[in-house]
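Undergrad: when you get a sec, could you give me coordinates for this:
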Amino acid sequence: MKTKIIFRSALLIAITMSLFNFLEASASFTVMEPPFHGGKYDFVLDPGKTASDEIWIRNDNPTSSDFTLYGADSSNSSDGSFALTSVPNDEQRTVGVWVTFPEKEVTVQAGETKKCKFNIKLPDKIKPGTYLGGIAVEKFSSKASGTGSGVNVIARYASRLYVTVPGEVVHKPVFENFSHQRVKDTHKFNIGMLNAGNTHIKAIGKIEISGFPFGNSPENDEFIKTCDDPQLKAYLIKERNLNIIDIGKIEVASEDTGTYDYVWKRQPFFGYYKAKADITFYEYETKSGKDINPQTISKEIEFIVIPWLIIYAIIAFIILMIAIIAYRHEKITHMKRFSEKHTVGDRETITGLAKQYGIKWKVLAKINNLQAPYILTPGDQIIVPLAKGKKPNNNIPAPTPVQPAQQPQSVYPAQSQQIQPGRQTTPPPANPPAPAQNPPEQNNHPNNQTNK
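TA: Numbering: from 1, shown residues only. As a prediction, this is how the structure comes out:
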């Protein structure tokens, strides 16, 4: 009981501390660019030149806070939005190398706004173009650990920084890759882009899927335009939009690449489809903040969705059916091998014979290929499989089949027999039987009547 109370108390304290840290990170400080910067830093510098500026930090916490500042290169996020590389984990090549702070770590008192100066110096040899990076401000707290002191980053803020080196402007977007991938039941589309020029690129677009049976089609689009029922039209538009994926706004820095994944909201398990991606690439003008020089590039792919799970299930079912048929065939063959023949007598039925031999009547009908209504004809011979552990029963007399009437023969040995030419007769036995004391009565035969 005490252990449970201690565990619950520790869990409550951990949740409270996490909530406190979240609130502290989200509302304890504010980072601002100086006025008239338009929410970003924009420098136009020749190779080898330097410039300086500052970033402001306001501490809204009731106690003093510690901050670290640094410059970083831009990075491609999973959705194509602006992001910075991690310092010092990632290698810095441009802005992350050019930007330096005289004070990398600062302490800001409660309620204070501190102006932090930074410098930027370009190398002597650098290509013309626009370079994107940023200024990162991290709030941290020192914490003790078992092996020494450490730093816990509470929050991070990033501000854009553009550096433009004058020279020839090359706007050259490349739509490198457009592919489809099915992961379990999820359909993903992968888009790869390359900025082969020296401008900063922004791209927007969409992916539309058409095809049978769940994709869009021109016929459906025309029907939606002419549909007069508001509810039906709204439903059709909703279904159509499930096959349209908004790419959003993607940013690609100069001489950089980016790959992005997009999930199809509809998840069909079969069909034939076509996906078309239309992407418009813009050159971002840093001074005006406008997107100029649009260039639209389209790519189309075709793919088939095969319901492998259903196919595997059908194959497994077919294999099972073949195995069952083979088993039954082998079973019938075995029954025929261990069986005996029975001559059907008068008034015998399949159920009666099955009971007599201790087997199921359906088995008896199956092994003899009998069809409904399973009527047995006297004199026919049927195969009777032996019951398990039972030997052939030869003591069960078989009913005498109906024979045609024959002329009676004398049983007295002294009586001579006339042999007709061309007719074979059976020789009498070596030891003829003794004359019958009382011969069977055959009063119905005219030749057997006694003369008086």
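Undergrad: and the helices in the protein?
TA: 2-27, 95-98, 218-226, 230-241, 308-337, 350-357, 361-367 (DSSP state H).
Undergrad: quick one: which of those helices is nearest residue 180?
TA: helix 308-337 (15.6 Å; C-beta to C-beta). For the C-beta atoms, the positions are set from N, CA and C on the backbone; glycine is no exception.
Undergrad: show me what the closest one is packed up against.
TA: With contacts taken as 3 or more C-beta pairs under 8 Å, 6 or more residues apart in numbering; DSSP states H and E, helix 308-337 sits against helix 361-367, strand 381-385.
Undergrad: in the first one, which residues are buried?
TA: In other words, helix 361-367. 361, 363-365, 367 (16 or more other C-beta atoms under 10 Å).
Undergrad: residue closest to the middle of the protein?
TA: residue 184 (1.8 Å; C-alpha atoms, centre = their mean).
Undergrad: now do the phi/psi pair for it.
TA: phi 60, psi -120 (degrees, to the nearest 10).
Undergrad: low-confidence ranges in the stretch 1-150 of the chain?
TA: The model of the stretch 1-150 of the chain has pLDDT under 70 over residues 1-27, 87-89, 142-150.
Undergrad: could you rerun that using 50?
TA: For the stretch 1-150 of the chain, residues meeting the criterion pLDDT under 50 lie at 14-27, 144-149.
Undergrad: now do the strands in it.
TA: Assigned by DSSP state E, counting those that start in this stretch, the stretch 1-150 of the chain shows strands spanning 29-32, 41-44, 50-59, 65-76, 82-84, 99-100, 105-108, 113-121, 129-145, 148-165.
Undergrad: could I get those as TSV with distance to residue 265?
TA: Shown next, in TSV, are the strands of the stretch 1-150 of the chain (distance: least, C-beta to C-beta, whole Å):
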stretch	distance to residue 265
strand 29-32	37
strand 41-44	38
strand 50-59	41
strand 65-76	24
strand 82-84	25
strand 99-100	42
strand 105-108	46
strand 113-121	44
strand 129-145	32
strand 148-165	31
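Undergrad: related to what we said a few turns ago, check the gap between the residue nearest to the centre of the chain and residue 263 for me.
TA: 12 Å (C-beta to C-beta, to the nearest Å).
Undergrad: now do residue 170
TA: When residue 170 is compared with residue 263 (using C-beta to C-beta), they lie 34 Å apart.
Undergrad: ok, those two, which is more surrounded?
TA: residue 170 (15 against 11; other C-beta atoms under 10 Å).
Undergrad: look up the closest residue to that one, ignoring the ones flanking it.
TA: residue 197 (3.9 Å; C-beta to C-beta, 6 or more residues apart in numbering).
Undergrad: quick one, phi psi at that neighbour?
TA: The phi/psi pair for residue 197 (degrees, to the nearest 10) is phi -100, psi -160.
Undergrad: is it true that it touches residue 173?
TA: Yes: using C-beta atoms under 8 Å, residue 197 is in contact with residue 173, at 7.2 Å.
Undergrad: measure residue 168 to residue 340 for me?
TA: In terms of C-beta to C-beta, residue 168 sits 103 Å off from residue 340.
Undergrad: kindly report the same for residue 315.
TA: Taking C-beta to C-beta, one finds residue 315 at 41 Å from residue 340.
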